[in-house]
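Engineer: Fold the following.
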Amino acid sequence: MPLLMLKDLPRYECLLEGSKQFPDLDPSACEVYLHLLRTGDEVFRVCDAHLAAHNISQGRFTVLMLLLDKATEGPHARTPAELAEMAGVTRATMTGLIDTLERDGFVRREPDPHDRRMMSVNLTPAGQAFLSKFLPEHFRRTAMLMAHLSESERKTLVRLLAKVLQGTTGVPSMASDGGASPVPSTPVFVE
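Structural biologist: Residues are numbered from 1 along each chain as shown. Predicted structure coming up:
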């Protein structure tokens, strides 16, 4: 779901003008922020369109990738609670994702052999086959998105994005009581 719908970003001069009316507006910070959001939206749009063409959502793809990762490490599956924690979603959201993936035959829930109160989620052969077919094109598209950057630029971008991400923890958000509280690890742009 796109976060920013601006097709044409404001010119730097417009941001400078705006800073006269709003002294807290830092034109260069705002310019970078808008470009980051716009680029993120476009990358998300390209990825989401590819997933939709294969009848899968971002969330379900994330679950499959988390299970594929575990499948390459060893025979143990993940619990729904582990998957929810790793994906940064609630357990209820993860239950819905697993339900859909199970309905489509990509995963199966099984009782834990050591603790019958626990359930494990495993990739099925159909889930593995889907990923084997889907991932080569997905990785080609990822490489195409980053093709305009040199290896050095990619490393610099990762380092810079990590710094931006680190800065999100210090920005207060509005709590339900109107007071400031730390921003969750995944910031949301709301307008």
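
Engineer: rest of the way, CA atoms for contacts and neighbours
Structural biologist: Noted.

Engineer: contacting residues for F134?
Structural biologist: Contacts for F134 (C-alpha atoms under 8 Å, 6 or more residues apart in numbering) come out as none.

Engineer: Let's see that with 10 Å instead.
Structural biologist: Counting by C-alpha atoms under 10 Å, 6 or more residues apart in numbering, F134 touches 50-51, 54, 128.

Engineer: M86 now?
Structural biologist: Per C-alpha under 10 Å, 6+ apart, neighbours of M86: 62-63, 66, 80.

Engineer: for L15, same thing?
Structural biologist: Going by C-alpha under 10 Å, 6+ apart, the list of residues near L15 reads 22, 25-31.

Engineer: Also R108?
Structural biologist: With C-alpha under 10 Å, 6+ apart, R108 has these contacts: 98-99, 101-102, 119-124, 127.

Engineer: Take the residues you listed and lay them out in JSON lines including pLDDT, distance to V164 and secondary structure.
Structural biologist: Formatted as JSON lines, the contacts of R108 follow (pLDDT from 0 to 100; distance: C-alpha to C-alpha, whole Å; DSSP: H, G, I helix; E, B strand; the rest coil):
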{"residue": "I98", "pLDDT": "97", "distance to V164": "32", "secondary structure": "helix"}
{"residue": "D99", "pLDDT": "97", "distance to V164": "35", "secondary structure": "helix"}
{"residue": "L101", "pLDDT": "97", "distance to V164": "34", "secondary structure": "helix"}
{"residue": "E102", "pLDDT": "97", "distance to V164": "37", "secondary structure": "helix"}
{"residue": "M119", "pLDDT": "90", "distance to V164": "37", "secondary structure": "strand"}
{"residue": "S120", "pLDDT": "91", "distance to V164": "36", "secondary structure": "strand"}
{"residue": "V121", "pLDDT": "94", "distance to V164": "34", "secondary structure": "strand"}
{"residue": "N122", "pLDDT": "91", "distance to V164": "35", "secondary structure": "strand"}
{"residue": "L123", "pLDDT": "92", "distance to V164": "35", "secondary structure": "strand"}
{"residue": "T124", "pLDDT": "93", "distance to V164": "38", "secondary structure": "coil"}
{"residue": "G127", "pLDDT": "93", "distance to V164": "35", "secondary structure": "helix"}
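
Engineer: Which two among those residues are spaced furthest apart?
Structural biologist: Largest separation among the contacts of R108 by C-alpha to C-alpha: M119 and G127, giving 18.2 Å.

Engineer: before we move on, the earlier item: list buried members of the contacts of F134 by neighbour count.
Structural biologist: By neighbour count, with 16 or more other C-alpha atoms under 10 Å, these hold 50-51, 128 as buried.

Engineer: need the contact list for R11.
Structural biologist: By C-alpha under 10 Å, 6+ apart, the neighbours of R11 are 27, 31.

Engineer: Domain-wise, how is this protein divided?
Structural biologist: 10-53, 58-137 (automatic domain parsing).

Engineer: Alright, I will stop here.
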